[in-house]
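# curious how this folds, go ahead:
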Amino acid sequence: MKLFITILATSAVSQSAAFTVSTSGSIGAVAQRSALLHPRNVRITGRSRDSVSVHMSVEEMEMITMDAEERMDKTMNSLQENLATIRTGRANPNMLDRVECDYYGAMTPLNQMATISVPSSQQLQISPFDKSTLTDIEKAIIYSGLGFTPSNDGTVIRINIPALTEERRKELLKQCKSIGEEAKVAVRNIRRDGVDKIKKMEKNGDLGKDQALDGSDALQKLTDDHIKMIDETVAKKEKEVTTL
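Numbering: from 1, shown residues only. Next up, the predicted model:
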């Protein structure tokens, strides 16, 4: 049982005030010394549980939930960025967002090495800041798996966006589903990490069983909500791909 000491402080105008501190820690040491010096101004009470510690544990659990939500939101942002790279038959600079090029030994995103413009609805134009990288950029686009055939005229690179065939649409739909599944796995892993931390707190006695269940339920709700958003986002992209 932890001991708490209540010290009565009397002001010059005989108005008294009281405050309670734990006997643990540096504040507790000060209280103990005060008790020895002024025994009449002290009363000792016992408590079966440190309410301050419990409150801090609950706040820590809430921080775990907030951190999980933030990480899940970042997963959603990543999902949207990845889906934006899947072409739908119309030229869009985002199609090249996942292309990286070797620039002096470092893999660098293409959009950091060049200006990407859309001269027409069926064409992309890449203008490198450093013209010596033209060949490397061309190779990076070819090997990106996007199915593009770049044309290098020595100054800029042009990519003609062909109309999607039925076979290509099916391949893109598979890509959409794959990207969506990756996002779901990431969200579920975030939930698992949070639940493991809460279970550890419960095992250490920092949380009660009901509090731990509340925390796990909150994480499950976050997971369900984000899985639903992933499905909706992927379905929207699939509709774009299948629209002629």
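# got the buried residues for stretch 177-190?
Neighbour counts using 16 or more other C-beta atoms under 10 Å place 179, 180, 183, 184, 186, 187, 190 of stretch 177-190 among the buried residues. Placement of C-beta: from N, CA and C, glycine included.
# no, scratch that, I was asking about stretch 84-95
Across stretch 84-95, burial judged by 16+ other C-beta under 10 Å covers 84, 85, 86, 87, 88, 89, 91, 92, 93, 94, 95.
# on that earlier part again, tell me the one of the buried residues of stretch 177-190 nearest residue 133?
For these, the closest approach to residue 133 (C-beta to C-beta) belongs to residue 179, at 28.1 Å.
# in a helix, that closest one, correct?
Yes. Counting by DSSP: H, G, I helix; E, B strand; the rest coil, residue 179 is part of a helix.
# got JSON lines for the buried residues of stretch 84-95, with pLDDT and distance to residue 172 too?
Shown next, in JSON lines, are these (pLDDT from 0 to 100; distance: C-beta to C-beta, whole Å):
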{"residue": "84", "pLDDT": "84", "distance to residue 172": "13"}
{"residue": "85", "pLDDT": "81", "distance to residue 172": "11"}
{"residue": "86", "pLDDT": "83", "distance to residue 172": "5"}
{"residue": "87", "pLDDT": "70", "distance to residue 172": "7"}
{"residue": "88", "pLDDT": "72", "distance to residue 172": "8"}
{"residue": "89", "pLDDT": "69", "distance to residue 172": "10"}
{"residue": "91", "pLDDT": "81", "distance to residue 172": "15"}
{"residue": "92", "pLDDT": "84", "distance to residue 172": "13"}
{"residue": "93", "pLDDT": "88", "distance to residue 172": "18"}
{"residue": "94", "pLDDT": "85", "distance to residue 172": "14"}
{"residue": "95", "pLDDT": "84", "distance to residue 172": "11"}
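# need the max-distance pair from the buried residues of stretch 177-190.
Largest pairwise distance in the buried residues of stretch 177-190, by C-beta to C-beta, is 17.1 Å, between 179 and 190.
# which helix or which strand is home to the closest residue to residue 212 other than its chain neighbours?
Using C-beta to C-beta, 6 or more residues apart in numbering and skipping residues adjacent in sequence, the residue nearest residue 212 is residue 202, 4.0 Å away. Using DSSP states H and E, residue 202 sits within helix 166-203.
# that helix packs against which elements?
Using 3 or more C-beta pairs under 8 Å, 6 or more residues apart in numbering; DSSP states H and E as the contact test, the elements touching helix 166-203 are helix 51-84, helix 209-242.
# from the chain's centre, how far out does it sit?
Relative to its parent chain, helix 166-203 has a centroid offset of 12 Å by C-alpha atoms, centre = their mean, to the nearest Å.
# and it with helix 209-242, angle?
Comparing the axes of helix 166-203 and helix 209-242 via axes from the mean of the first three to the mean of the last three C-alpha atoms, to 10 degrees yields an angle of 170 degrees.
# show me where this protein dips below the pLDDT cut-off.
Regions of the chain meeting the criterion pLDDT under 70 cover residues 1-56, 89, 244.
# point to the residue nearest the middle of it.
residue 71 (1.8 Å; C-alpha atoms, centre = their mean).
# that residue and residue 181, how far apart?
Distance from residue 71 to residue 181, counting by C-beta to C-beta, to the nearest Å: 18 Å.
# residue 151 now?
Per C-beta to C-beta, residue 151 is found 35 Å from residue 181.
# try residue 191
According to C-beta to C-beta, residue 191 stands 16 Å off from residue 181.
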